[in-house]
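Trainee: One predicted model, sequence on top.
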Amino acid sequence: MSPRIRHQPNFFAGLLFACFGAAFGLGATRYEIGTAAEMGPGYFPLILGGLLALFGLIIVARSITADDEEAVERASLRPFWLIIGSVVLFGVLLAPLGLIACSLLLVLASAFASHEFGWRYAISSAVILIAFCYLIFIYVLGLPIPVWPGGL
């Protein structure tokens, strides 16, 4: 009799943690590890990656022996594609449209991904994000990002 996954969300989260931990641990071996007394640049990432992988495996084991059962619901791809698409559009349209118009499009397109979408919240978020981006990227850092469309 094979073990049955009783708590699927924990199983997949633990599996994700274990994979990321193993990947970071393996990546850390490309650097000098050193010892606990004289740590090399790979020591800390190796320890953290190993701990993350260990915790992931513990979560996987506990998901198999869990008292309650829970299945993973089928994910909707619409929010994923709306958010990824809006970020890609921001990158493509930044030069011709400028920071303000692209930020407005980014926030509005991303807001449609939420099942709690509301125009008032989306517009207020866009205004705050645009002000923050202008202040940081244009005023403080002085980055050569166009603020308005090329013709203005």
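Mentor: Sure thing, it's come through.
Trainee: low pLDDT regions in the protein?
Mentor: 1-3, 151-152 (pLDDT under 70).
Trainee: In it, what residue spans correspond to helices?
Mentor: For the chain, applying DSSP state H gives helices covering 8-28, 43-64, 77-97, 99-111, 119-133.
Trainee: Columns distance to residue 70 on top of the ones you listed, output as TSV?
Mentor: (Each C-beta comes from the backbone N, C-alpha and C, glycine too.) Supplementary listing: the helices of the chain in TSV, determined by distance: least, CB to CB, whole Å:
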stretch	distance to residue 70
helix 8-28	6
helix 43-64	9
helix 77-97	21
helix 99-111	29
helix 119-133	31
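Trainee: mind putting those helices in JSON lines, mean neighbour count and distance to residue 145 included?
Mentor: Formatted as JSON lines, the helices of the chain follow (neighbours: other CB atoms under 10 Å; distance: least, CB to CB, whole Å):
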{"stretch": "helix 8-28", "mean neighbour count": "16", "distance to residue 145": "33"}
{"stretch": "helix 43-64", "mean neighbour count": "17", "distance to residue 145": "33"}
{"stretch": "helix 77-97", "mean neighbour count": "14", "distance to residue 145": "7"}
{"stretch": "helix 99-111", "mean neighbour count": "19", "distance to residue 145": "5"}
{"stretch": "helix 119-133", "mean neighbour count": "14", "distance to residue 145": "9"}
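Trainee: so which of those gets nearest residue 150?
Mentor: Closest to residue 150 of the helices of the chain, according to CB to CB: helix 77-97, at 6.2 Å.
Trainee: who's in contact with residue 4?
Mentor: Going by CB atoms under 8 Å, 6 or more residues apart in numbering, residue 4 touches residue 64.
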